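Colleague: Got a predicted model here, sequence first, then my questions.
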Number of protein chains: 2
Amino acid sequence: MPVFLDTSDADFEASFAALLSAKREDSPDVDATVAEIIADVRSRGDAALIDLTAKFDRLELSADKLAISEAEVTAAIAGVPAAERAALELAADRIRAYHERQMPEDAQWTDPAGAILGWRWSAVSAAGLYVPGGLASYPSSVLMNAIPAKVAGVERLAITVPTPDGVLNPLVLLAARLAGVDEIYRIGGAQAIAALAYGTESIAPVDKITGPGNAFVAAAKRRVFGKVGIDMIAGPSEILVIADKDNNPDWIALDLMSQAEHDESAQSILITDDASFGRAVAEAVDKRLETLERRAIAGASWRDFGAVITVRDLDEAANLSNRIAPEHLELCTGDPEELSQKTIHAGAIFLGQYTPEAIGDYVGGPNHVLPTARSARFSSGLSVMDFLKRTTLARMTPEALRAIGPAAETLAQSESLEAHGLSVTQRLNALND
Amino acid sequence: MPVFLDTSDADFEASFAALLSAKREDSPDVDATVAEIIADVRSRGDAALIDLTAKFDRLELSADKLAISEAEVTAAIAGVPAAERAALELAADRIRAYHERQMPEDAQWTDPAGAILGWRWSAVSAAGLYVPGGLASYPSSVLMNAIPAKVAGVERLAITVPTPDGVLNPLVLLAARLAGVDEIYRIGGAQAIAALAYGTESIAPVDKITGPGNAFVAAAKRRVFGKVGIDMIAGPSEILVIADKDNNPDWIALDLMSQAEHDESAQSILITDDASFGRAVAEAVDKRLETLERRAIAGASWRDFGAVITVRDLDEAANLSNRIAPEHLELCTGDPEELSQKTIHAGAIFLGQYTPEAIGDYVGGPNHVLPTARSARFSSGLSVMDFLKRTTLARMTPEALRAIGPAAETLAQSESLEAHGLSVTQRLNALND
């Protein structure tokens, strides 16, 4: 059974703090193993990838089979039903349209001192996307990672996806093709991250690695951070729904369950200003848990981490939401737009009763790779910005250097950096001659 | 002596590759020590900070002395000479003006399906800035870290700065005050990072930590990443100057030395299309190294990591520059603007002979916290974006849900996520009733 809290209860603060700090995931300490795997790939390259893939994925490869060929992709996706292809295409188009709007603008201006200042954005040259194998191998995630990279202008986009026992996922391959992915490798785990970061004989290194993965993948990404860029280390998913009584309890129950069915460590929380509505949703959840295909997973998540919180009013709801900083936030209230102005720490907000979170997972347009585990306090979902970097520009005219150079000389002297100061002084002397 | 390379030489490629992969820094493996320090601060809070500060900084504190009080700051900065104060103020004003232009815009639009989409930016609530003690305690770095945070709208901005033997740095304190810093703590090392990330009785935790530091600080930042956001792990600094023969060799020499004087691990590289100009610069460097105050450091850096590379033309220079992906790039050529269009992997570009890199360190306006160690391939200098996060927004009307909901149902089915699909289906059923 989930916890039922009420902000009017005397012990609410303690219970809420416990909910916030609940450890939902046992991260096994795989760091030593991962360090060995990375060292192995760095020293033996393809040979290490082949050995590790035989060991972990029960798949015998050779160097020329590390990549999934264009022909294999074409053959695999030929069998995708038309409806699924059309749905993926619609999703890809909408995700592309949304992310194209994220492209930031270059800037250049002349300031009052006469200095020409600005910045310029450019794409990362090569990026690698990790796609998990097995149950969590989601074609939608391929679109969500690959499309922003391509919109940003990444020239070379490589995917690694483990294929245990050699089984390909046609929808993952179709998503990769729709997104314009350039290379696909059938490797996984820490060895795939090592190959993307350091390169092997067959796989050129990339500059940035994104995508979700298990504990080995997360530890490997953490280790190669600095050598390459990485996205966030994703934790288990979570949803917060703020709903008033004018909602269908079953809809809200399904929204909560669509997070819970991902993972036993997922967390679904309802905040409502009507206690009886909260009970109605909990009953609707129980009913759904009788029949849902993934009821074992969803039920465990709801039992261990689910919560129904009754608040006095929606301002209180907004405050709690900001403390939770949820990955997904659904606002099913009379004026969701107004409430969203107050819920500022959230990865993605879904407004109104016709915007179930599942829309955002697939076809809404915004990215579904979002900050988990309260990291929406300081980070954002995946975007084109993750595949761009900014170069700042500065050009001094002689007049500008005369105006601001002396201050630089003074500060260089303060910091005992003589050459810094002299590099300005010599130029000013020449200008004043 | 620095290495002299020429792209016409037969062995150029091998020599250049060796230059690129040269390990300039021995990172001692302090991770185990840092893990202990973090655990200590998490379990004992202020008491741990007090013990560790006594041990590392030879300074006896009590809980009420962890913070440097307003009165102490006022007293310390009273002695700052007017010229230094004016220079810092000019720098602060220029940095603020530049970073205010970086503020990104919110967006909202209705797409062809009738969906209302958009995003909204908001500031991190609390940020912590690490300021090194001793020689590398630069007031300019305080401005460069703190001003973007305040421009972004960070409400609570805390600084930690170790004060070995209790000695305060008045200019650091003045920079903090000019930048609007809210709290200053006299602690350093991994213990400061732990306090900022997890909080103690006297120090509230923050959401994001930025700022440079030694190996202990870097290892601690790596460890708390995820619990809080961090900026890049900074490596030793570097500069690349691309200059043609129409430059004063001494100016270029000083620009190279203003990087080299930072650190024996710093790297200064000159690329020129005129071999004799390259030799003239090397001679000018040698001359400067006879008298520079920090000649021991600058000389070691130049000897061990300096390079003069002669190229056939400026296109070749741009290509090499992109492979180096320098932190600082100076373009002293006839048309630096044109060349800058080709040098896309660089943290900051300084255009023309009147823009020595030192201007950018202090008063140019752009940030001087920049990606080192070739990470300009995938990351950017510090900016207001580091203190902001983006929440995506989506609102479906009934019409929009009718238009795109069926595709979401199909994809949910493909991914065997039944509740996802049902959350859409139940709403569509109600709309179609």
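Modeller: Received it, and whenever you're ready, just let me know what you need.

Colleague: Where does the closest residue to chain B within the stretch 101-250 of chain A sit: helix, strand or coil?
Modeller: The stretch 101-250 of chain A approaches chain B most closely through A:Gly229 (3.6 Å), counting by Cβ to the nearest Cβ. The C-beta positions use only the backbone N, C-alpha and C, and glycine is treated the same way. The local conformation at A:Gly229, judged by DSSP: H, G, I helix; E, B strand; the rest coil, is strand.

Colleague: Around the residue nearest to it when sequence neighbours are not counted, how many other residues sit close by?
Modeller: Leaving aside its chain neighbours, A:Gly229 sits nearest to B:Phe378 (3.6 Å; criterion: Cβ to Cβ, 6 or more residues apart in numbering or on different chains). By other Cβ atoms under 10 Å in any protein chain shown, 26 other residues sit near B:Phe378.

Colleague: B:Phe378: what's it in contact with?
Modeller: A:124, A:207-208, A:228-229, A:389, B:371 (Cβ atoms under 8 Å, 6 or more residues apart in numbering or on different chains).

Colleague: How about the residue of the stretch 101-250 of chain A closest to chain B: which residues does it bridge to?
Modeller: In this entry, A:Gly229 is beta-bridged to A:Lys208, by DSSP bridges.

Colleague: And for it, the neighbour number?
Modeller: For A:Gly229, using other Cβ under 10 Å, the count is 23.

Colleague: Could you do A:Arg279 as well?
Modeller: If you count neighbours by other Cβ under 10 Å, A:Arg279 ends up with 15.

Colleague: mind listing what's buried in stretch A:143-156?
Modeller: For stretch A:143-156, the buried set under the neighbour-count rule, 16 or more other Cβ atoms under 10 Å in any protein chain shown, comprises A:143-152, A:154, A:156.

Colleague: Restrict those residues to those that also contact chain B, please.
Modeller: For chain B, no contacts are drawn from those by Cβ under 8 Å from any Cβ of the partner chain.

Colleague: Nearest to A:His420, out of the residues you listed: which one, please.
Modeller: A:His420 has its nearest neighbour among the buried residues of stretch A:143-156 in A:Ala152, at 35.1 Å by Cβ to Cβ.

Colleague: so what's that closest one up against?
Modeller: A:103, A:123-124, A:384-388.

Colleague: Among those residues, which ones are in helices?
Modeller: Judged by DSSP state H, the subset of these located in helices is empty.

Colleague: would you list those in a markdown table and tack on neighbour count?
Modeller: Shown next, in a markdown table, are those (neighbours: other Cβ atoms under 10 Å in any protein chain shown):
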| residue | neighbour count |
| --- | --- |
| A:Met103 | 14 |
| A:Ala123 | 21 |
| A:Val124 | 25 |
| A:Val384 | 24 |
| A:Met385 | 20 |
| A:Asp386 | 24 |
| A:Phe387 | 26 |
| A:Leu388 | 23 |
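
Colleague: export those to a markdown table and tack on distance to chain B?
Modeller: Output for the contacts of A:Ala152, formatted as a markdown table (distance: Cβ to the nearest Cβ, whole Å):
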| residue | distance to chain B |
| --- | --- |
| A:Met103 | 12 |
| A:Ala123 | 9 |
| A:Val124 | 5 |
| A:Val384 | 11 |
| A:Met385 | 7 |
| A:Asp386 | 9 |
| A:Phe387 | 9 |
| A:Leu388 | 8 |
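
Colleague: For these, give me a markdown table that also has pLDDT.
Modeller: Below are those laid out as a markdown table (pLDDT from 0 to 100):
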| residue | pLDDT |
| --- | --- |
| A:Met103 | 98 |
| A:Ala123 | 98 |
| A:Val124 | 97 |
| A:Val384 | 98 |
| A:Met385 | 97 |
| A:Asp386 | 97 |
| A:Phe387 | 98 |
| A:Leu388 | 98 |
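
Colleague: right, and the pair among those with maximum separation?
Modeller: A:Met103 and A:Val124 (14.0 Å).

Colleague: for the stretch 201-350 of chain A, what spans make up the helices?
Modeller: If DSSP state H, counting those that start in this stretch is used as the criterion, the helices of the stretch 201-350 of chain A fall at A:215-224, A:249-260, A:275-288, A:295-305, A:314-324, A:336-340.

Colleague: which stretch in the ones you listed is the model least sure about?
Modeller: Of all the helices of the stretch 201-350 of chain A, the minimum mean pLDDT falls on helix A:215-224 (a mean of 92).

Colleague: which parts of that one are buried?
Modeller: Here helix A:215-224 shows A:215-224 as buried, counting by 16+ other Cβ under 10 Å.

Colleague: can you narrow the residues you listed to ones near chain B?
Modeller: Among those, chain B is touched by A:Arg222 when using Cβ under 8 Å from any Cβ.
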